[in-house]
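**Student:** pasted the sequence and its predicted model underneath.
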Amino acid sequence: MSVEHLTYPLWLRTAHWLNVLFLSLLARSGLEILSAHPKLYWNDDCRLGSEWLAIRPRPTPPGELFTADDQEQDWHSLVALPGHRHWDLGRHWHFAAVPLWILTGAAYLALLFGTGEWRRLVPTSWDVLPGAWHTLVAYLHFRIPDPAGTHNPLQQLTYFAVVFGLAPLSIATGAAMSPAVAARFPGYLRLFGGRQAARSLHFLSLLAFTAFSLVHVAMVAAHGLGRELALMVLGQVREPDLARALALGGALIGGIVLVHVAATRFTLRRPDLVQDAAERFVDPVRRALLGRLKSVQAYDPGRISPYLWVNGRPPAEPDWLALAEGGFQDYVLEVGGLVERPLRLSLADLRALPARTQVTLHVCIQGWSGFAAWTGVGLDTLMDLCRPLPGARDVVFRAFDDKGRSEPRPKASGFYYGTVPMEMARHPQTLLAYDLNGAPLPREHGAPLRLRLETQYGFTMVKYIRAIEFVASFREVGKGRGGWPEDNLYRSREASL
Ligand SMILES: Nc1nc2c(c(=O)[nH]1)N[C@H]1C(S)=C(S)[C@@H](COP(=O)(O)O)O[C@H]1N2
Ligand SMILES: [Mo]
């Protein structure tokens, strides 16, 4: 096929430029998410020092309690969307772009196979392999093989690998990072060698996409910027059109840059509106896909991680400190709100109720994970005792820690809390845990009582529980976003992915 005959239909060109837009948004917001815990592992325990990649690692001050929040980094808006420790907001962009990118890809594939265009992309003969080799050798000798504009064998093979290998891999590994998917389909994680391996592969696919894009742009330049841009914006190469192609191509790239700049500035200026938009348009998609999954995790006790990371330092409040000094002998859990029978339970009362133990994978929204055995009372057992009224739709878990006082470098202050929809409160593995790995909860892991929600990210599992309250809606609690991180860090209450 000579260059005069190579034409790109409008839908193909549209898909190409949408792909550039969404992939670049995914890359920058993905890096923002990585800045929350810029370490990559192959083991799901995230053993200290076992990371294969640590970006700009910092030494930890000796003697201090070491928590995951200390690992967070401030990355520049040039690489991360929006940058500057706003990975909660970066997540909103990431999960807004994911469905749009996948829809673009699905439409592209449908049209590709519907129109016969696929012949240009899918190799139909093994000759493509030696052909690709010869093309590569030619490039390495700085010779431009074949008439410019046609898909040479190397180009065909590369595009094929990107569309049918790299893109599905990044989607599949992205899905594997969902705690809900991991909880419902533990076998799916094994496909990748675990959650951290999936996370590592997800990052490596970003590197592969970046390498592809750089080489792709270099090739476009090498083959003649004007001609190639004409193909990519006008669909065909005709000499008189070259100037117009350059202008149009420049405008498209400028438009994409403008979207990035506007998205970054708007997010930093009006994070509340970005959170609103995510609540309205992004969270319902995640909830519809993942919200109903129930955890079936039952890992072997042999899998328990030697070290479980800590996030959220113990309360600095005098009441909790006094209770801790007394071994929580005087601790009373208050259960109230919209219930038939309010309860006041000591730790001994809780331990007298039927107990459950589960070995599960804890997944923090920042990226790290770890296996642990949790023992406690099923929340359903407690609900059978207090009998929530029909109007109760959400359960509030209030904690002892005021984050403004418990953390050395707090992002915000106020008492930690979380809310759980009634349905999830009844999940078989929803647990009020008082033991970790067979011993009473250590202080830093939430003594004397903490929540386990095995399909959700760690931040939903309130530690240092002071009281439980049944309410008509989480909207009437705090600032109405569903929890302390949601109220103060613009995080989504949707914690399945
Ligand atoms: N009260 C309270 N609960 C909390 C937090 C906190 O800061 N305060 N941090 C949350 C986060 S972000 C995570 S990942 C888990 C960490 O549990 P761990 O420290 O036992 O590993 O607790 C969650 N529960
Ligand atoms: Mo977390």
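**Tutor:** Yes, it's here. Residues are numbered from 1 along each chain as shown. Ligands and ions are numbered 1, 2, ... in the order given.
**Student:** rest of the way, CA atoms for contacts and neighbours
**Tutor:** Will do.
**Student:** which ones are touching whichever residue of the stretch 101-250 of the chain sits closest to ligand 2?
**Tutor:** Of all residues in the stretch 101-250 of the chain, P179 sits closest to ligand 2, at 12.0 Å by C-alpha to the ion. Going by C-alpha atoms under 8 Å, 6 or more residues apart in numbering, P179 touches 363, 454-457, 496-497.
**Student:** can I get those in TSV including distance to L231 and neighbour count?
**Tutor:** Formatted as TSV, these follow (distance: C-alpha to C-alpha, whole Å; neighbours: other C-alpha atoms under 10 Å):
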residue	distance to L231	neighbour count
V363	46	24
E454	51	31
T455	47	32
Q456	46	26
Y457	46	23
S496	42	24
L497	39	23
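**Student:** could you dump the residues you listed into JSON lines with pLDDT added?
**Tutor:** Shown next, in JSON lines, are these (pLDDT from 0 to 100):
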{"residue": "V363", "pLDDT": "98"}
{"residue": "E454", "pLDDT": "98"}
{"residue": "T455", "pLDDT": "98"}
{"residue": "Q456", "pLDDT": "98"}
{"residue": "Y457", "pLDDT": "98"}
{"residue": "S496", "pLDDT": "97"}
{"residue": "L497", "pLDDT": "96"}
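**Student:** for the residues you listed, which two are the farthest from each other?
**Tutor:** E454 and L497 (12.4 Å; C-alpha to C-alpha).
**Student:** what is in contact with the two at once?
**Tutor:** With C-alpha under 8 Å, 6+ apart as the test, E454 and L497 both reach 179-180.
**Student:** show residues contacting the host helix or strand of Q155.
**Tutor:** In this assignment (DSSP states H and E), Q155 forms part of helix 153-161. Contacts made with helix 153-161 from outside it, assessed by C-alpha under 8 Å, 6+ apart, are listed as 120-123, 128-129, 131-133, 135-136.
**Student:** filter those to the buried ones?
**Tutor:** 120-122, 128, 132, 135-136 (16 or more other C-alpha atoms under 10 Å).
**Student:** now the closest residue in space to L31 that isn't next to it in sequence, what's its secondary structure?
**Tutor:** Closest residue to L31 apart from its sequence neighbours, by C-alpha to C-alpha, 6 or more residues apart in numbering: A80 at 5.4 Å. Of the three states, A80 takes coil according to DSSP: H, G, I helix; E, B strand; the rest coil.
**Student:** would you mind measuring from A80 to T267?
**Tutor:** Look at A80 and T267: by C-alpha to C-alpha, to the nearest Å, they are 12 Å apart.
**Student:** which of the two has more neighbours?
**Tutor:** A80 (26 against 22; other C-alpha atoms under 10 Å).
**Student:** OK, contacts around the more buried one?
**Tutor:** 27-32, 90.
**Student:** how about the lengthiest helix in the chain: buried residues?
**Tutor:** The helix spanning the most residues in the chain, taking DSSP state H as the definition, is helix 195-229. By 16+ other C-alpha under 10 Å, the buried positions in helix 195-229 come out as 195-203, 205-206, 209, 219-220, 223, 225-229.
**Student:** what are the ranges of the strands in the stretch 251-400 of the chain?
**Tutor:** For the stretch 251-400 of the chain, the strands defined by DSSP state E, counting those that start in this stretch cover 332-337, 343-346, 356-363, 369-378, 394-402.
**Student:** reformat those strands as a markdown table; add distance to G418.
**Tutor:** Output for those, formatted as a markdown table (distance: least, C-alpha to C-alpha, whole Å):
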| stretch | distance to G418 |
| --- | --- |
| strand 332-337 | 15 |
| strand 343-346 | 20 |
| strand 356-363 | 17 |
| strand 369-378 | 17 |
| strand 394-402 | 5 |
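**Student:** for L432, which of the ones you listed is the nearest?
**Tutor:** Across those, closest to L432 is strand 369-378 (C-alpha to C-alpha), at 5.2 Å.
**Student:** anything in that closest one near ligand 1?
**Tutor:** No: residues of strand 369-378 are not located near ligand 1 by C-alpha under 6 Å from any ligand atom, the shortest gap being 8.1 Å.
**Student:** about what we covered before: can you lay out the contacts of A80 as JSON lines showing secondary structure and distance to ligand 2?
**Tutor:** Converted to JSON lines, these look like this (DSSP: H, G, I helix; E, B strand; the rest coil; distance: C-alpha to the ion, whole Å):
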{"residue": "A27", "secondary structure": "helix", "distance to ligand 2": "22"}
{"residue": "R28", "secondary structure": "helix", "distance to ligand 2": "21"}
{"residue": "S29", "secondary structure": "helix", "distance to ligand 2": "18"}
{"residue": "G30", "secondary structure": "helix", "distance to ligand 2": "17"}
{"residue": "L31", "secondary structure": "helix", "distance to ligand 2": "18"}
{"residue": "E32", "secondary structure": "helix", "distance to ligand 2": "16"}
{"residue": "G90", "secondary structure": "helix", "distance to ligand 2": "16"}
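**Student:** from A372, how far off is the residue in the chain that ligand 2 sits nearest to?
**Tutor:** Per C-alpha to the ion, C364 is where the chain lies closest to ligand 2, at 3.9 Å. C364 sits 13 Å away from A372, going by C-alpha to C-alpha.
**Student:** of those two, which one has the most company?
**Tutor:** For C364 and A372, the more surrounded residue by other C-alpha under 10 Å is A372, and the numbers stand at 25 against 20.
**Student:** test my guess that that one contacts S305.
**Tutor:** Yes: with contacts defined as C-alpha atoms under 8 Å, A372 counts as touching S305 at a distance of 6.3 Å.
**Student:** and the helices in the stretch 351-497 of the chain?
**Tutor:** Under the criterion DSSP state H, counting those that start in this stretch, the stretch 351-497 of the chain contains helices at 379-386, 403-406, 422-425, 484-489.
**Student:** nearest to S170, out of those helices?
**Tutor:** Closest among the helices of the stretch 351-497 of the chain, using C-alpha to C-alpha: helix 484-489, at 27.2 Å.
**Student:** so which elements touch that closest one?
**Tutor:** strand 415-421 (3 or more C-alpha pairs under 8 Å, 6 or more residues apart in numbering; DSSP states H and E).
**Student:** among the buried ones among the contacts of helix 153-161, name the ones in helices.
**Tutor:** Using DSSP H, the buried ones among the contacts of helix 153-161 in helices are 128, 132, 135-136.
**Student:** in a markdown table, list the residues you listed along with pLDDT and distance to ligand 2.
**Tutor:** Shown next, in a markdown table, are those (pLDDT from 0 to 100; distance: C-alpha to the ion, whole Å):
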| residue | pLDDT | distance to ligand 2 |
| --- | --- | --- |
| V128 | 94 | 48 |
| A132 | 94 | 46 |
| T135 | 93 | 49 |
| L136 | 93 | 46 |
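**Student:** using TSV, please lay out the residues you listed together with distance to ligand 1.
**Tutor:** Output for those, formatted as TSV (distance: C-alpha to the nearest ligand atom, whole Å):
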residue	distance to ligand 1
V128	49
A132	48
T135	50
L136	47
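**Student:** out of those, give me the two with the largest separation.
**Tutor:** Applying C-alpha to C-alpha across those, the maximum distance is between V128 and L136, 11.9 Å.
**Student:** can I get the helix or strand containing V181 as CSV, trimmed to CA atoms?
**Tutor:** In this structure, V181 sits in helix 179-184 according to DSSP H and E. Output in CSV follows, covering the C-alpha atoms of helix 179-184 (Å, rounded to 0.1, in the frame of the first residue of the first chain):
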residue,chain,number,x,y,z
PRO,A,179,-10.1,-4.5,47.4
ALA,A,180,-13.6,-5.6,46.6
VAL,A,181,-12.4,-7.7,43.6
ALA,A,182,-9.6,-9.1,45.7
ALA,A,183,-12.0,-10.0,48.5
ARG,A,184,-14.6,-11.6,46.3
